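Colleague: build me a model from this:
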Amino acid sequence: FCLFNRADIRNPETVVASLCSQLGLAHLGAPANIRALAEDKLLTKSIASFAGLPVAPGLAYVDLDDLAVPPAFEGPYFAKLRFGANSEGVSSDSVQPDWKRLSPVIANMIEAGEEVLVEPLLSGRDITVTVLGNHPNIALTPTVFQSELPHGIATERQKRLLDGGRSGQPLDDPALAETLMGMALRFAEHCKPFDY
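Modeller: Prediction:
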């Protein structure tokens, strides 16, 4: 079961799948390359765009020299770790109204050894569509999440159920659910093989 993302190494999400593959052991989850794709938010955006889905712009900041060039899109901005799951590293500092206030936040993340993805802060809803790998793939009913934090951001502590203020329920909009399930299935066609 390869949802192992707490090891003290870079991209630990790929470890279990890689080792199982090397040893010829069956495991749940995607193979290492697909798991790595899922954990790289910038590559995930590229695949979604390739699949014809609407995607917000994003830009990676890898080292401090990158901070000399602000994003081509306007703020307010949302900065998060490029790799990983569960909103690791997301805090109230992740949202900044302009580049002057965001660049020190990014610098701190880079100095901690992280790569950073910067996106425009968009209003909307946080909706997840789970897809089960099959022939054909199966999209489950979307879940809409709500956070009490400013701008509706969700932190790692909320997603790990260590802090409150975040809840989810099935999306109660059949037409939107159908649209989102179709989009998730289009995306999933470019991420084979996987089982969930």
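Colleague: pick out the residue nearest the middle of the chain.
Modeller: Nearest to the geometric centre of the chain sits residue 41, at 5.2 Å (Cα atoms, centre = their mean).
Colleague: other SSEs contacting the lengthiest helix in the chain?
Modeller: Determined from DSSP state H, the single longest helix within the chain is helix 174-188. Judged by 3 or more Cβ pairs under 8 Å, 6 or more residues apart in numbering; DSSP states H and E, helix 174-188 is in contact with strand 131-132, strand 138-139. The way it works is simple: take the backbone N, C-alpha and C, and place the C-beta from them, glycine included.
Colleague: please repeat the previous calculation with a cut-off of 6 Å.
Modeller: Here helix 174-188 touches strand 138-139, going by 3 or more Cβ pairs under 6 Å, 6 or more residues apart in numbering; DSSP states H and E.
Colleague: tell me what angle the following helix or strand past the strand it packs on forms with helix 174-188.
Modeller: Per DSSP states H and E, strand 138-139 leads on to strand 143-147 as the next helix or strand towards the C-terminus. Angle between the axes of strand 143-147 and helix 174-188 is 100 degrees (criterion: axes from the mean of the first three to the mean of the last three Cα atoms, to 10 degrees).
Colleague: C-terminal to strand 143-147, what's the next element?
Modeller: helix 156-159.
Colleague: output that next one as PDB, nothing but the C-alphas.
Modeller: Extracted C-alpha coordinates of helix 156-159, given in PDB (Å, rounded to 0.1, in the frame of the first residue of the first chain):
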ATOM      1  CA  GLU A 156      -1.900  19.800   6.300                       C
ATOM      2  CA  ARG A 157      -3.000  19.700   9.900                       C
ATOM      3  CA  GLN A 158      -6.700  20.000   8.800                       C
ATOM      4  CA  LYS A 159      -6.300  17.200   6.200                       C
END
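Colleague: ok, and what's touching that helix?
Modeller: With Cβ atoms under 6 Å, 6 or more residues apart in numbering as the test, helix 156-159 has contacts from 86, 87, 88, 163, 166.
Colleague: name the surrounding residues that touch whichever helix or strand comes after that helix.
Modeller: The C-terminal neighbour of helix 156-159 among helices and strands, as given by DSSP H and E, is strand 166-170. Taking contacts as Cβ under 6 Å, 6+ apart, the residues outside strand 166-170 that touch it are 141, 143, 145, 146, 147, 154, 158.
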